[in-house]
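Trainee: Just the structure for this:
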Amino acid sequence: MSDWGGRSAGRATGGAGQTFTPAFPHDHTPQSERRIPTPDGDRPYDDLAFWPTIPSLPGLPALSAPIGRTPTGLPVGLQIVAPLYEDDTAITFAELLSEVIGGYEPPP
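Mentor: Numbering: from 1, shown residues only. All right, here's what the predicted structure looks like:
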């Protein structure tokens, strides 16, 4: 399984070293009432559960990094997934991203 994960990550990134997915978003709305607007209509919030699963099943290193805020001030994040055994790739990318977007900003 681990070998499969490493090869798949390499193919998915074209050898670039990382893949990006949405971080698992949430707000104060009760989970049973949350919906995700899509071009094809609203979908259940639980449909998002597969994003954290992508790196978890094959054991790939992943982390979530803040990338900004919505117009209403809610934080927005990005999940960075690195190839197998390349934890430092995800961490280094997050550090470089932080320098580009201006670093971590504490919530108001």
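
Trainee: Could you pull up the residues touching the residue nearest to residue 22 when sequence neighbours are not counted?
Mentor: Closest residue in space to residue 22, ignoring its immediate chain neighbours: residue 51 at 5.5 Å, by Cβ to Cβ, 6 or more residues apart in numbering. Heads up, the C-betas are built off the backbone N, CA and C, glycines and all. Neighbouring residues of residue 51 by Cβ atoms under 8 Å, 6 or more residues apart in numbering: 21-24, 79.

Trainee: Highest neighbour count among these?
Mentor: Highest neighbour count within those, by other Cβ atoms under 10 Å: residue 23, with 21 neighbours.

Trainee: if I pick it, what's in contact with it?
Mentor: Applying Cβ under 8 Å, 6+ apart to residue 23 gives the contacts 51, 64, 76-79.

Trainee: what about the helix or strand where residue 76 lies, distance to the chain center?
Mentor: Applying DSSP states H and E as the criterion places residue 76 in strand 75-81. Offset of strand 75-81 from its chain centre (Cα atoms, centre = their mean, to the nearest Å): 4 Å.

Trainee: which residues does the spatially most central residue of the chain bridge with?
Mentor: For the chain, the residue sitting closest to the mean C-alpha position, by Cα atoms, centre = their mean, is residue 79 at 1.7 Å. Per DSSP bridges, the residues bridged to residue 79 are residue 21, residue 64.

Trainee: Does it touch residue 20 like I think?
Mentor: Yes. Judged on Cβ atoms under 8 Å, residue 79 makes contact with residue 20 at a distance of 6.9 Å.

Trainee: What residues of stretch 57-66 count as buried?
Mentor: Of the residues in stretch 57-66, 58, 60-63, 65-66 count as buried by neighbour count, 16 or more other Cβ atoms under 10 Å.

Trainee: Any idea how far apart the tips of that stretch sit?
Mentor: Start-to-end span of stretch 57-66 (Cα to Cα, to the nearest Å) is 23 Å.

Trainee: could you give the mean pLDDT of it?
Mentor: Stretch 57-66 carries an average pLDDT of 90.
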